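> Here is my input, please return the structure:
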Amino acid sequence: MSSPVPPSARPSEADTSTTEVVGNDAAGHFARGDENLPPLATGATTTVDATPKNGFDRFFEITRRGSTIAREIRGGVVTFVTMAYIVILNPLILGGVTDVADGALDAAQIGAATGLTAGVMTILFGVVARLPFALAAGLGINSFLAVSVVGQVTWPEAMGLVVINGLLIVLFGATGIRTAIFKAVPQALKAAITVGIGLFIAFIGFVDSGFVTRTAGGPPVQLGDNGSITSVPTLIFLLGLVLIGILVARKVPGGILIGIVVSTVVALIAQSVLKLGPSFEDPNGWHMTIPELPAAWITVPDFGLIGQFDLFGAFERVGILSATMLVFTLVFSNFFDAMGTMTGLAKNAGLAYKDGTFPRLRSAFVVEGFGAVAGGVTSTSSNTVYVDSASGIGEGARTGLASLVVGVLFLLSMFVTPLTLVVPIEVGSAALVVVGAMMMSQIREIKFTKFAVALPAFLTIVTMPLTYSIANGIGVGFISWALVNAFSGRARKVHWLMWIVAAGFALYFVRGPIEAMLAG
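Numbering: from 1, shown residues only. Presented below is the predicted three-dimensional model:
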């Protein structure tokens, strides 16, 4: 591995000097060689001129971060293609909610509001935080709201709780509380969070593609159908996985996007010949969207759900204690899911400093909090940073320009919703698995020879995919780090904020019995 540049102060926002580039990142693209950044993959040291070409370049730091406008656009397109499923999936999850005054939520209204909120918040994030992260309705939170919260309260009341949750997160971000907690986390645990997220998104890809399925009895998961790959969609996933893997390994520019396009064309041909249905009707069918060219290309969005929230209705309906517990659950899940995701994405993009922080940290936390507020106001559930952004980062995205591209495409998706059905989830899953493999490289920063470090790191990594939750992995890591180090003579290594957060997570993990007790 080539040597980093000589020690120097952390670069200022106005620094436009020549930048030494250390090797290439996992996707084969150059990244800054600032000594504050984590080591990159092996490669020859190269010096490039980082002087901004114009004001636009200076604002987004495109050249300074070793990127180009073409690469940012390409990365944004890949991120959108990987995330586009949320415009279809969110209406599927929330469309069954019937506890509202006028009956069930309208799927078309949910789809329009989902695209609008994701587009506006991702553009805002790109302009303010200037990082290549995209926001959309959080899948864990929307499922929690639809299944566990609605029934206790109405949907508008549930959205009121989401708004309160978002306002609290904005407050934590603006006052520096969230940043302080972030900095209190040991570097090894931050690396474990990144690795765990990589394993988590790879597992999501395996499950969404049908490569890994649940069993009727016995082990919780299995390969394909009873240990065999039997469906054409899963074979297309494997084709895409191998193709993208080869292109990335050969450092072909646009490798992930090329692989997605080629695999989608294959999927369209396969569907036109085989006429496969959805997997809930045919186990060998498509797992989410059927790849077919749409009959109609343009639709008119319906924004009827926007503003349909009741800020304090839940407190009147279920009482202050129960409603507060619901808010507590939302805050913990939202707060740490996003924090862990941003940690992993920043590291994967080569933008993290040695202490694990990244540029415009506080701005990122504040805007992400407003995403939760916006999700409640538009009745689409809390919007948060998506781990799927890693696909665009893997394609070379390094700046907020990529987020602008994603945001604009989300806004366009409101009018061309049928086009989002063309790319099947099996194809997007292949990109997620490849990016998950890239993120696993951060495991080298964890000293597994020290068991007080190894056990919390290991538990953080495996808990995320096994419980399907980033927040759960972070919580287990916090608690185990505090306890193991404190009782093995390393209490000084545990920051006092770690104890507070660990105690909060302990309460979070037993919230079920507490809620039942309060209800009784």
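
> Show me where the stretch 51-200 of the chain dips below the pLDDT cut-off.
Across the stretch 51-200 of the chain, the ranges flagged by pLDDT under 70 are 92-93, 95-103, 140, 147-148.

> Quick one: the strands in it, in order.
Secondary structure of the stretch 51-200 of the chain (DSSP state E, counting those that start in this stretch): strands located at 135-137.

> which residues in it form helices?
For the stretch 51-200 of the chain, the helices defined by DSSP state H, counting those that start in this stretch cover 55-60, 69-83, 85-94, 107-128, 139-144, 155-175, 177-184, 187-209.

> Go through the ones you listed and name the closest to residue 380.
Closest approach to residue 380 among the helices of the stretch 51-200 of the chain (C-beta to C-beta): helix 107-128, 4.8 Å. Any C-beta I mention is one placed from the backbone N, CA and C, and that applies to glycine too.

> Torsion angles phi and psi at residue 415?
phi -100, psi -20 (degrees, to the nearest 10).

> Would you mind giving me the confidence score for it?
Note on residue 415: pLDDT of 88.

> Identify the residues contacting it.
Residue 415 sits next to 298, 299, 300, 301 when contact means C-beta atoms under 8 Å, 6 or more residues apart in numbering.

> per-domain residue ranges of this protein.
1-66, 67-206+296-519 (automatic domain parsing).

> could you dump the ones you listed to CSV with distance to residue 287?
Output for the domains of the chain, formatted as CSV (distance: least, C-beta to C-beta, whole Å):
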stretch, distance to residue 287
domain 1-66, 26
domain 67-206+296-519, 6
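
> Low-confidence stretches in the stretch 301-450 of the chain?
The model of the stretch 301-450 of the chain has pLDDT under 70 over residues 418-421.

> Only C-alpha atoms, please: export the helix or strand hosting residue 484 in CSV.
In the assignment (DSSP states H and E), residue 484 maps to helix 470-486. Output of helix 470-486 as CSV, limited to C-alpha atoms (Å, rounded to 0.1, in the frame of the first residue of the first chain):
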residue,chain,number,x,y,z
ILE,A,470,-28.8,-1.6,11.7
ALA,A,471,-30.0,-0.1,14.9
ASN,A,472,-30.1,-3.5,16.6
GLY,A,473,-26.5,-4.1,15.6
ILE,A,474,-25.3,-0.7,16.9
GLY,A,475,-27.2,-1.3,20.2
VAL,A,476,-25.7,-4.7,20.8
GLY,A,477,-22.3,-3.2,20.0
PHE,A,478,-22.7,-0.3,22.4
ILE,A,479,-23.9,-2.5,25.3
SER,A,480,-21.3,-5.2,24.8
TRP,A,481,-18.4,-2.7,24.4
ALA,A,482,-19.3,-0.9,27.6
LEU,A,483,-19.8,-4.1,29.7
VAL,A,484,-16.8,-6.1,28.4
ASN,A,485,-14.3,-3.3,28.6
ALA,A,486,-15.6,-2.1,32.0
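
> Can you list the helices and strands that that helix packs against?
helix 187-209, helix 320-348, helix 451-467, helix 496-509 (3 or more C-beta pairs under 8 Å, 6 or more residues apart in numbering; DSSP states H and E).

> Which residues belonging to it are considered buried?
470-482, 484-486 (16 or more other C-beta atoms under 10 Å).

> and the closest residue to residue 79 other than its chain neighbours, how far is that from residue 375?
Using C-beta to C-beta, 6 or more residues apart in numbering and skipping residues adjacent in sequence, the residue nearest residue 79 is residue 392, 3.2 Å away. Distance from residue 392 to residue 375, counting by C-beta to C-beta, to the nearest Å: 21 Å.

> Give the helix, strand or coil label for residue 296.
coil (DSSP: H, G, I helix; E, B strand; the rest coil).

> Near it, how many residues? Count them for me, please.
8 (other C-beta atoms under 10 Å).

> could we number from 19 for the rest of this?
Understood, numbering begins at 19; the last thing we discussed is residue 314.

> Need phi/psi at it.
phi -120, psi 140.

> show me the contacts for residue 388.
Residue 388 is in contact with 139, 142, 184, 188, counting by C-beta under 8 Å, 6+ apart.

> Remind me which helix or strand the residue nearest to the third one when sequence neighbours are not counted belongs to.
What it means is residue 184. Nearest non-adjacent residue to residue 184, counting by C-beta to C-beta, 6+ apart: residue 390, 3.0 Å away. Here residue 390 sits within helix 379-395, counting by DSSP H and E.

> Give the pairing partners of whatever helix or strand comes next after that helix; include direction for each.
Next helix or strand after helix 379-395 toward the C-terminus (DSSP H and E): strand 401-403. Sheet pairing for strand 401-403, assigned by DSSP bridges, gives strand 153-155 (antiparallel).

> OK, contacts around the residue lying closest to residue 211 once chain neighbours are set aside?
Using C-beta to C-beta, 6+ apart and skipping residues adjacent in sequence, the residue nearest residue 211 is residue 358, 4.7 Å away. Residues near residue 358 by C-beta under 8 Å, 6+ apart: 211, 214, 215, 488, 489, 491, 492.

> make it 7 Å
Residue 358 is in contact with 211, 215, 488, 492, counting by C-beta atoms under 7 Å, 6 or more residues apart in numbering.

> burial of residue 514, as a residue count?
8.

> before we move on, what about the one 4 residues further on?
Using other C-beta under 10 Å, the number of residues around residue 518 comes to 14.

> Contacts only, for it.
Taking C-beta under 7 Å, 6+ apart, one finds nothing in contact with residue 518.

> What's the separation between the closest residue to residue 389 other than its chain neighbours and residue 175?
Spatially, and ignoring its direct neighbours in sequence, residue 389 is nearest to residue 401 (3.7 Å; C-beta to C-beta, 6+ apart). Relative to residue 175, residue 401 is positioned 19 Å away (C-beta to C-beta).

> quick one, which of these two is more surrounded?
Set side by side, residue 401 and residue 175 show more neighbours around residue 401, with 34 against 25, by other C-beta under 10 Å.

> my guess is that one meets residue 152, correct?
No. Contact criterion C-beta atoms under 7 Å: residue 401 and residue 152 do not qualify, at 10.0 Å.

> hang on, the earlier thing: just checking, which of the domains of the chain sits deepest inside the structure?
Of all the domains of the chain, domain 85-224+314-537 has the most neighbours on average by mean count of other C-beta atoms under 10 Å, namely a mean of 22.

> picking that back up, contacts for the helix holding residue 502?
Outside helix 488-504, the residues within contact range by C-beta under 7 Å, 6+ apart are 204, 207, 210-211, 214-215, 218, 350-351, 354-355, 358-359, 470, 473-474, 477-478, 481-482, 509, 511-512, 516-517, 519-520, 523-524, 526-527.

> what is the orientation angle of that helix with helix 469-485?
Interaxial angle of helix 488-504 relative to helix 469-485 (axes from the mean of the first three to the mean of the last three C-alpha atoms, to 10 degrees): 160 degrees.

> How far off centre is helix 488-504?
Relative to the chain's own centre, helix 488-504 is displaced by 21 Å; criterion: C-alpha atoms, centre = their mean, to the nearest Å.

> What of stretch 297-313?
Stretch 297-313 sits 24 Å away from the centroid of its parent chain (C-alpha atoms, centre = their mean).

> re earlier: could you dump the helices and strands packed on helix 488-504 into CSV with distance to residue 324 added?
Conversion of the helices and strands packed on helix 488-504 to CSV gives the following (distance: least, C-beta to C-beta, whole Å):
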stretch, distance to residue 324
helix 205-227, 29
helix 338-366, 20
helix 469-485, 33
helix 514-527, 31
